[in-house]
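> what follows is a protein structure lacking sequence information:
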């Protein structure tokens, strides 16, 4: 199994574009990507809230 945390010289946007071209149209992959996007947005919103009330991590 490939190490998904391995950093290479290839940019993330290139990897994402290649991944998308390979898997677009796959309902499971598209649903997973939407769920990840939603989760990232929720974390961003929570971070903003905690910063606004002065509870941002040090």
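Arrived safely, thanks for sending. The structure presented is a predicted model; accordingly, all values stated were derived computationally and were not measured.
> show me the shaky parts of the protein.
The model of the chain has pLDDT under 70 over residues 1-10, 57-58.
> what residues of the helix ranked longest in it count as buried?
Looking across the chain with DSSP state H, the single longest helix is helix 27-52. Buried residues in helix 27-52, counting neighbours by 16 or more other CB atoms under 10 Å, are found at residue 33. Quick note: C-beta positions are derived from backbone N, CA and C, even for glycine.
> gap between it and the chain center?
Its chain's C-alpha centre and that of helix 27-52 lie 8 Å apart, by CA atoms, centre = their mean, to the nearest Å.
> on contacts alone, who are the packing partners of it?
If you count contacts as 3 or more CB pairs under 8 Å, 6 or more residues apart in numbering; DSSP states H and E, helix 27-52 packs onto no helix or strand.
> try it again at 10 Å.
The elements that helix 27-52 packs onto, with contact taken as 3 or more CB pairs under 10 Å, 6 or more residues apart in numbering; DSSP states H and E, are helix 12-23.
> next, the angle from the helix it packs on to helix 27-52.
Orientation check (axes from the mean of the first three to the mean of the last three CA atoms, to 10 degrees): helix 12-23 against helix 27-52 gives 150 degrees.
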